[in-house]
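[1] Below is the sequence, then the predicted model.
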Amino acid sequence: QLQLVESGGGLVQPGGSLRLSCVGSDVTFAVDAAAWFRQAPGKEREGVSCISASGSDTNYADSVKGRFTISRDTSKNTVYLQMDRLKPEDTGVYYCAATTLYCSDDVSDFASWGQGTQVTVSA
């Protein structure tokens with residue numbers, strides 16, 4: 001069973017930046033599509049960004065386009081989410097997920113999940 005571990009969350013002021021990391025426990029992560037989801041208090045989990053296994057295809061939620069960048073380093077079995085120009089509405093728990101299917105923003109398509117990392121954007 002693939003295990004995913006996120007890190008990099010924290011408290012940041014509006015307009016600031018954070019970089020989240022997600023490390024996979026075995027080499028199968030390198031051939032999975034990977035995604036970042038987030039969940040704000042009282043809201044459903046929503047897709048933020050996804051990257052294909054090769055890294056050649058990426059997609060983003062409209063709310064983060066132009067501000068967030070997803071990438072992966074297969075040599076480190078790691079997927080990143082660079083978050084710039086953060087807004088208070090970006091606050092939530094960010095989860096990394098992996099799927100053997102193609103990129104998706106549907107939580108039911110993802111079989112492996114991390115434990116989440118808290119991101120708080122506040123002055």
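    All right, it came through fine. Not measured: the values here are computed from a predicted model.

[2] from here on, contacts and neighbour counts on C-alpha atoms
    Will do.

[3] Disregarding residues adjacent in the polypeptide, which is nearest to the residue nearest the centre of the chain?
    By Cα atoms, centre = their mean, the chain has its centre lying nearest to Trp36, at 2.3 Å. Leaving aside its chain neighbours, Trp36 sits nearest to Cys96 (4.7 Å; criterion: Cα to Cα, 6 or more residues apart in numbering).

[4] Contacts only, for the one you found.
    Contacts here follow Cα atoms under 8 Å, 6 or more residues apart in numbering; on that basis Cys96 touches Leu4, Val5, Glu6, Cys22, Ala34, Ala35, Trp36, Phe37, Trp113, Gly114, Gly116.

[5] Tell me what the residue nearest to the centre of the chain is bridged to.
    For Trp36, the residues forming beta bridges with it (DSSP bridges) are Ser49, Cys96.

[6] and it, what does it touch?
    Gly47, Val48, Ser49, Cys50, Leu81, Tyr94, Tyr95, Cys96, Ala97.

[7] And the last one, what's its pLDDT?
    Put plainly, it is Ala97. According to the prediction, Ala97 has pLDDT 97.

[8] hang on, the earlier thing: ok, the residue nearest to Trp36 to Ser21 distance?
    When distance is defined by Cα to Cα, to the nearest Å, Cys96 is 9 Å away from Ser21.

[9] swap in Ala34?
    If you measure Ala34 against Ser21 using Cα to Cα, the figure is 12 Å.

[10] Can you check which residues contact both of these two?
    Any residue near both Ala34 and Ser21 by Cα under 8 Å, 6+ apart counts here, and that gives Val79.

[11] which of these two has more neighbours?
    Between Ala34 and Ser21, counted using other Cα atoms under 10 Å, Ala34 has the larger neighbour count: 33 against 21.

[12] Wait, the more buried one touches Ala97, no?
    Yes. Counting by Cα atoms under 8 Å, Ala97 is a contact partner of Ala34 at 5.6 Å.

[13] re the thing from before, hey, what's in contact with both of Cys96 and Ser21?
    Overlap between the neighbourhoods of Cys96 and Ser21 consists of Glu6, taking contacts as Cα under 8 Å, 6+ apart.
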